[in-house]
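S.K.: Prediction below, plus the sequence it came from.
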Amino acid sequence: MTSTPKDPKLRLLDAALMHVPFDGWSETTFKAAIADSGVEPTVARAVCPRGAVDLAVAYHRQGDAAMVDALKSENLQDLRFRDRIARAVRLRLKVVTDKELVRRGTTLFALPQYAPDGVKLIWDTCDIIWDTLGDTSDDVNWYTKRATLSGVYSSTVLYWLGDDSEDQARTWEFLNRRIDNVMQIEKLKAQVNNSPTLSKLMAGPNWVLSHIKAPTRFPKGDLPGSWSAPRD
């Protein structure tokens, strides 16, 4: 016997999941979730001002939390860092119990009015992955790591949604290819940095980039970053 969540948003989310494959993350689903969960309509509107959109956001974040729990139980010590990243992305997709819930969410967050929510959710997922794996960067690399992984993650999700291979084997091959592409870019960056001629050409841009800092002065999610003034 499972206990009913006390949090009204979680109660609404649990009730909505069976309706999403048929009606999407829509007002129809939200009204059905209110009726099925027993949450008072005024309370439901208070905790989810945008209705099912807020439930879709909560569903994605619930998946992030499940991924973190799964990732922390893994033994990653013998894995290369690129393989740790791949493992984290795989776990994020494996915690999904119904692809249709993600497919409907992808459709929702593709709409212009909700696209910023979708971008933020992808960024937050990748930020959580890096943080969980122990990333300590506090300069421009903080941004490039998350931006690069966001591209890898989002393209892998789209591939995964259409993958009907056994145990999603083609998706994991696709993921590994995308990470290989990223590693090639990193090798190219290293070659540029090790070239005296190219290093001189990049001196100006590198000086600017060296003063970009990760958002550590403010609560996470508040401001995107900061600029450190050069010292005399």
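M.R.: Great, that's in hand.
S.K.: Who are the packing partners of the helix or strand Tyr59 falls within?
M.R.: Using DSSP states H and E, the element containing Tyr59 is helix 52-72. For helix 52-72, the helices and strands in contact under the criterion 3 or more Cβ pairs under 8 Å, 6 or more residues apart in numbering; DSSP states H and E are helix 8-16, helix 27-37, helix 81-94, helix 99-109, helix 115-132. In this view, the C-beta of every residue, glycine as well, is placed from N, C-alpha and C.
S.K.: Please identify the most buried of those helices.
M.R.: Most buried of these by mean neighbour count (mean count of other Cβ atoms under 10 Å) is helix 8-16; its value is a mean of 21.
S.K.: could you point out which element follows that one?
M.R.: helix 20-23.
S.K.: circling back to that earlier point, in CSV, list the helices and strands packed on helix 52-72 along with distance to Leu55 and mean pLDDT.
M.R.: What follows is these, written out as CSV (distance: least, Cβ to Cβ, whole Å; pLDDT from 0 to 100):
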stretch, distance to Leu55, mean pLDDT
helix 8-16, 5, 97
helix 27-37, 7, 98
helix 81-94, 19, 95
helix 99-109, 10, 98
helix 115-132, 12, 96
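S.K.: Would you agree Gln77 falls within a strand?
M.R.: No: with DSSP: H, G, I helix; E, B strand; the rest coil as the criterion, Gln77 is located in coil rather than a strand.
S.K.: What about it, how many residues nearby?
M.R.: For Gln77, the tally of surrounding residues (other Cβ atoms under 10 Å) stands at 6.
S.K.: What of Tyr159?
M.R.: As a measure of burial, Tyr159 has 16 neighbours, counting by other Cβ under 10 Å.
S.K.: Then the one 5 residues further on?
M.R.: With neighbours defined by other Cβ under 10 Å, the count for Asp164 comes to 6.
S.K.: who are the neighbours in contact with the spatially most central residue of the chain?
M.R.: With distances taken as Cα atoms, centre = their mean, Thr125 lies nearest the centre of the chain, 2.3 Å away. Thr125 makes contact with His60, Asp64, Met67, Arg92, Tyr153, according to Cβ atoms under 8 Å, 6 or more residues apart in numbering.
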